[in-house]
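Chemist: fold the following and give me the result.
(2 chains)
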Amino acid sequence: QQQVKQSPQSLIVQKGGISIINCAYENTAFDYFPWYQQFPGKGPALLIAIRPDVSEKKEGRFTISFNKSAKQFSLHIMDSQPGDSATYFCAAIIGGNQFYFGTGTSLTVIP
Amino acid sequence: DSGVTQTPKHLITATGQRVTLRCSPRSGDLSVYWYQQSLDQGLQFLIQYYNGEERAKGNILERFSAQQFPDLHSELNLSSLELGDSALYFCASSVGSGNYEQYFGPGTRLTVT
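Modeler: Below is the predicted model:
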């Protein structure tokens, strides 16, 4: 059973556009929601994260929007650049010792 | 570079064999996590060690085992290998046990033929 459902599976965006990746969960015990960025041949790298008591967190061009009542959260990449082309994973964590990842979104930003 | 190192980078072996993957955490990190990444299953948490002790267990098969040594490096042992064990295996580390910020290594690509 997939604890965290991620969509879309792949995404193509024009340079300068907004990339939006969505995740949904069911377990209300999750207390931390990170996003990871993974380039080919590399391990995932922590990009940005949010706790459920916050509705939005912004770091540079990356923003997490969190909707606790809908049990959904999303990653927005503003002014998308070709260098942002990578696979993005959402994750949900309980108590720092139970980790569940989404299935990943392959983002391609075309010049 | 995350500061987490994993060896070997690639490993090719036959079904039924046993292999050992090695991970050295970032300097100062006490926790080590192991993950399996495959095309059909995505990223799956396997097991966590903190300062030498097992802390959390995920979807780890009984054929797999891990340990963390006094110098904090960790090894993941995979035995009776099957074709379906072919995957990328990542190690991650963090400062504490309940610390949510994990730093991933570059991974070991295992191919079972």
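Chemist: contacts only, for residue A:106.
Modeler: Neighbour list for residue A:106: A:9, A:10, A:11, A:87 [criterion: Cβ atoms under 8 Å, 6 or more residues apart in numbering or on different chains]. To be clear about C-beta, it is placed using only N, CA and C from the backbone, and glycine gets the same treatment.
Chemist: can we see that at 6 Å?
Modeler: A:10, A:87 (Cβ atoms under 6 Å, 6 or more residues apart in numbering or on different chains).
Chemist: how about the strands in the chain?
Modeler: I went with chain A, as the question did not name one. Secondary structure of chain A (DSSP state E): strands at A:4-7, A:10-14, A:19-25, A:33-38, A:45-50, A:56-59, A:62-67, A:72-77, A:86-94, A:98-101, A:105-110.
Chemist: wrong one, chain B
Modeler: B:5-7, B:10-13, B:19-24, B:31-38, B:42-50, B:53-57, B:64-68, B:74-78, B:87-94, B:103-104, B:108-112.
Chemist: send me the second one as CSV with only the CA atoms.
Modeler: As requested, the backbone C-alpha atoms of strand B:10-13 are provided in CSV (Å, rounded to 0.1, in the frame of the first residue of the first chain):
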residue,chain,number,x,y,z
HIS,B,10,28.6,-0.9,-8.9
LEU,B,11,28.2,-4.6,-8.1
ILE,B,12,27.3,-7.5,-10.4
THR,B,13,26.7,-10.9,-9.0
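Chemist: partner strands of that strand and their direction?
Modeler: strand B:108-112 (parallel) (DSSP bridges).
Chemist: the partner strand versus strand B:87-94: what angle between them?
Modeler: Counting by axes from the mean of the first three to the mean of the last three Cα atoms, to 10 degrees, strand B:108-112 lies at 150 degrees to strand B:87-94.
Chemist: good, wrapping up.
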